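Engineer: missing the sequence, but the structure's below:
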């Protein structure tokens, strides 16, 4: 990421008095060519400015269009999986994965078997590697975790009951609720247990007394119930005579974290992982690609080959399927995991930096006050868990000023101070961060 000039083109101004005719739309648009925006968008900005009786505002209108487009930002919030900022950071590590530079592809063997010369399976490439990572027989990639759960329920339980603990009827971001997902899949919700205590026997009664096609466990990813609580282990539900589907949500593939030289970090303790959940007896697991996996937005279904195939054959599978770019990125990411090169995965690189390294970077910025901080994973993952971190603080609320540059810096404000946490900042962006921070402070 590199800094960009703050200069903006200016629209031609009238010098012949109040009754002068406004410039033509085309000439006004041509004067904005230096923005780099397509001519059609510049024409829109010119028309809006002339219609408002203020041709001079065309340049700022064009600049506003440019700012509204997807563009890089510097995440200095300390939230590693910031939903509003795209969750897991993607970079060259997730685009290579074989030890060498990524090679741009014009075409790919997405659905072509190059050995036999016939149509292939788009799920065979990334899906096969993800299955290996999870210790699963097979895996299927769709466009997000909600789609993964919906597809699994639709394929395995349409028209029949799905047993879910009342303590797991969660609502995820955007207002999507588990009961609504069950209903949309065509299945029927069968509530078992209570909000705080659910036992194996509750599931057993439901499966024996009614037309229940499967049991669904849902990870309480964005909240915790503490105190007088009880929930059966996955292994306790593996012999009820119906498939057990476990939505682990956050996407940790193996609690051993074999891709990290130092093993699993302490803050990850207790987070369910796909490999161990399947080993404990789950028939399928579902999880997100853009959380602890560290990849693009996607949903993964992994487990029994027979059940994964039933999901793949369901009509919803085509509606929910992932495109070639997502599958290619996940394939490269899976290869990076299998190479045990966790430090090449941007999320894990950021999440495991020593605090001393972050403090040294903060001191080198030469602006603000260096201080210890507490980062979080975010993205509905590990609620209440803090990761020791460091960064700088600035006096006053500087959030708007920091966002105003060509490369916006997103920070957090508390107690009339602005905090920039370096755990979520790429070291390559430190110079830009320092420049923007000095500008915000007027120094």
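Structural biologist: Received, thanks. The structure presented is a predicted model; accordingly, all values stated were derived computationally and were not measured.
Engineer: Tell me the helices and strands packed up against the biggest strand by length in the chain.
Structural biologist: In the chain, assigned by DSSP state E, the strand with the most residues is strand 387-395. In this structure, strand 387-395 packs against helix 355-365, strand 369-375, strand 417-421, helix 430-441, with contacts taken as 3 or more CB pairs under 8 Å, 6 or more residues apart in numbering; DSSP states H and E. C-beta coordinates here come from the backbone N, C-alpha and C atoms, glycine included.
Engineer: Can you point out the buried residues in the next helix or strand after that strand?
Structural biologist: Remark: after strand 387-395, the chain's next helix or strand is helix 399-403, criterion DSSP states H and E. Neighbour counts over helix 399-403 (16 or more other CB atoms under 10 Å) mark 399, 401-403 as buried.
Engineer: Check stretch 67-84 too.
Structural biologist: 73-82.
Engineer: Which ones among those residues lie within strands?
Structural biologist: Counting by DSSP E, the buried residues of stretch 67-84 contribute 74-75 to strands.
Engineer: Pretty sure residue 298 is one of the things residue 330 touches, is it not?
Structural biologist: Yes: here residue 330 reaches residue 298: they are 6.2 Å apart, a contact under CB atoms under 8 Å.
Engineer: returning to what we had before: would you list the helices and strands packed on strand 387-395 in CSV and tack on mean neighbour count and mean pLDDT?
Structural biologist: Compiled in CSV, the helices and strands packed on strand 387-395 are given as follows (neighbours: other CB atoms under 10 Å; pLDDT from 0 to 100):
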stretch, mean neighbour count, mean pLDDT
helix 355-365, 16, 97
strand 369-375, 17, 96
strand 417-421, 25, 97
helix 430-441, 19, 94
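Engineer: Adding distance to residue 118, write these out as TSV.
Structural biologist: As requested, the helices and strands packed on strand 387-395 are arranged in TSV below (distance: least, CB to CB, whole Å):
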stretch	distance to residue 118
helix 355-365	51
strand 369-375	49
strand 417-421	52
helix 430-441	50
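Engineer: Would you tell me which of these gets closest to residue 157?
Structural biologist: strand 369-375 (39.1 Å; CB to CB).
Engineer: Tell me which residues are up against the longest strand of the chain.
Structural biologist: By CB atoms under 8 Å, 6 or more residues apart in numbering, the residues outside strand 387-395 that reach it are 76, 78, 80, 265, 267, 351, 355, 358-359, 362, 365, 367-377, 416-423, 425, 437, 440-441.
Engineer: same thing with stretch 128-142?
Structural biologist: Outside stretch 128-142, the residues that reach it (CB under 8 Å, 6+ apart) are 123, 126-127, 148, 151, 253-254, 274-275, 278-279, 285, 289, 298-305, 308-309, 311-312, 317, 320-322, 326-327, 330-331, 334-335, 337-338.
Engineer: Out of those, which sit inside strands?
Structural biologist: Short answer: the contacts of stretch 128-142 in strands (DSSP E) are 285, 299-303.
Engineer: Of those residues, just say which sits nearest to residue 155.
Structural biologist: residue 301 (9.3 Å).
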